[in-house]
Structure formats: structure tokens, C-alpha cells
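In: Fold the following, please.
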Amino acid sequence: MLLKVMVNHYLKLLCLVLLLIMACDVCATTRIVDINGSGQYTSIQTAITACTVGDTVLVYPGRYYENITIRTSNISVISLEASNGDEEFIESTIIDGGSTSWGIWVIQNSQNVTIQGLSVTNSQVGIACGDNCSFNLINCNVFQNYAINGAGVGLTNCTAYLSGVKIYDNYALNQGGGMYIYGYMGTVNVTFDPVNRCSIYNNRAGAGQDIVAHS
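Out: Okay, here's the model as predicted:
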């Protein structure tokens, strides 16, 4: 009798967990950003700020003059390339940092953030990822950004997965024109997709033109 009660109890708990998971899936929202006004938002940052866990920000083509900050875990910021594979949407969906600050900054402790199908340019560090973050950078172009270190992509004590990313024509005054990786082994982990390979080229810096990694 006791065994039957315990089994029923665990079955109820299992059902509750499954219902919660399903509820989270149902609650996930796709937030459409269109600079021309046909979406829910005209600003990428406004859409990201409204996000909760599991949401997707879908960015329509345009040049967005913004400095994006991501604080929420388990969200995706993507262009139409993510849904149809058309590379033209990478080139036509642009985050322009306006030469004043970063293009995209994934704030420390943000986990499982995905950025796909975007171009990031004219920023002081194109894409930066802070301490204890994890993010996926997929099919993005990062070019003509400027910084002291890591003008294209700057990674500090984080976990990053890069697939099909082009990092080129960036300039760092000090080190790592294309990519700057900082952290001790175990605190920073960077993986490059061996199939959908990345291209890091024609970057300039005082030292370490394309990639610099050190602790």
C-alpha cells in the first residue's frame, strides 16, 4: 500500500514537471522588430528588454543604430536568415554602434544566448561576452569595428560557440584585431564549428592581428 502511494506521488510530481515545461514552451514569445514600423517594435533593445526566458527577437532588415545589451538568459536574437537560410538577410540586417560604444554586449551571468544572422559594424567592440556567460554566435558578419583590445569579438571568462561567423576588417589599438579571448583554462571555452567554419581575416592590431588568447 505504501509503495502504491509513493508511486502515485512521484507520478503526480512528474506530471507537474511536464506541465510546467509545456507551459514555458507555450509562454515563449517571438518579438518582431522592424525599423519601418510593421512589427511590434522599431528598436532591438526595446524588444530585448521586454524578453523573458525562452523568447526570440526576430529582426527584420534595416540598419539599426543601437548599442545592444543582453541581460536575459535563454533568448535568441535573430534575423530572417535563421528561418530561411538566405544569406542576404545577414548583410541587410545591421547593428551599427555609431562609433560610440559596443555593438552587442552579453552581460555577465547571462546563459544560453543565441545571436544569428546579423551584421555588426562601426562599434567600439563589435560583440562582447562577459564573465560566466554562454552564447552561440551563428552566421554573423562582424566588420569595421574599433577597440583597444578585441575589436571584432571580445570574450572574457565565458563559453562561446561560433559557427559560420565572418570577422574581418576590424582594428584594435593594442591586441586582437579580430578576436580577443581572455581567461584561464576552464573559465573560458571557445568552440568553432568544424563543418560550418568561421573566417577571421584582414584584421589589424598593434599585436596579434586576427586572434589573441591569454590569461
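
In: need the contact list for the most centrally placed residue in the chain.
Out: Centroid check for the chain by Cα atoms, centre = their mean gives Ile115 as the closest residue, at 3.4 Å. By Cβ atoms under 8 Å, 6 or more residues apart in numbering, Ile115 lies in contact with Ser76, Val77, Ile78, Ile104, Ile127, Phe135, Asn136, Leu137, Ile138, Cys140. C-betas here are computed from N, CA, C, even on glycine.

In: before we move on, what about Ser199?
Out: Taking Cβ under 8 Å, 6+ apart, one finds Val165, Lys166, Ile167, Tyr168 in contact with Ser199.

In: Enumerate the beta-bridge partners assigned to it.
Out: Ser199 has these beta-bridge partners by DSSP bridges: Lys166.

In: Please name the bridge partners of the residue nearest to the centre of the chain.
Out: Val77, Leu137.

In: Can you give the distance of the helix or strand that Gln45 is a member of from its chain's centre?
Out: Per DSSP states H and E: Gln45 is located in helix 44-49. Per Cα atoms, centre = their mean, to the nearest Å, the displacement of helix 44-49 from the mean C-alpha position of its chain is 13 Å.

In: pLDDT averaged over it - what is it?
Out: On average, the pLDDT along helix 44-49 is 98.

In: start at 53 instead
Out: Happy to do that; since the first residue is 53 now, the last one works out to helix 96-101.

In: For the protein, give me the ranges with low pLDDT.
Out: Scanning the chain with the threshold set as pLDDT under 70 gives 53-79.

In: List the buried residues in the helix or strand encompassing Arg115.
Out: In this assignment (DSSP H and E), Arg115 forms part of strand 114-117. By neighbour count on 16 or more other Cβ atoms under 10 Å, the buried set for strand 114-117 is Gly114, Tyr116.

In: before we move on, what about stretch 228-236?
Out: Buried, per 16+ other Cβ under 10 Å, within stretch 228-236: Gly228, Gly229, Gly230, Met231, Tyr232, Ile233, Tyr234, Gly235.

In: Same question for stretch 215-231.
Out: 215-224, 226-231.

In: Strands - which of those land there?
Out: Within the buried residues of stretch 215-231, residues falling in strands by DSSP state E are Ser215, Lys218, Ile219, Tyr220, Tyr223, Ala224, Asn226, Gln227, Met231.

In: picking up where we left off before, which residues touch the strand holding Arg115?
Out: Against strand 114-117 from outside (Cβ under 8 Å, 6+ apart): 85-88, 95-96, 144-150.

In: Drop anything exposed from those.
Out: Burial by neighbour count, judged by 16+ other Cβ under 10 Å, picks out Val85, Ile87, Ile96, Ser144, Thr145, Ile146, Ile147, Asp148, Gly149 from the contacts of strand 114-117.
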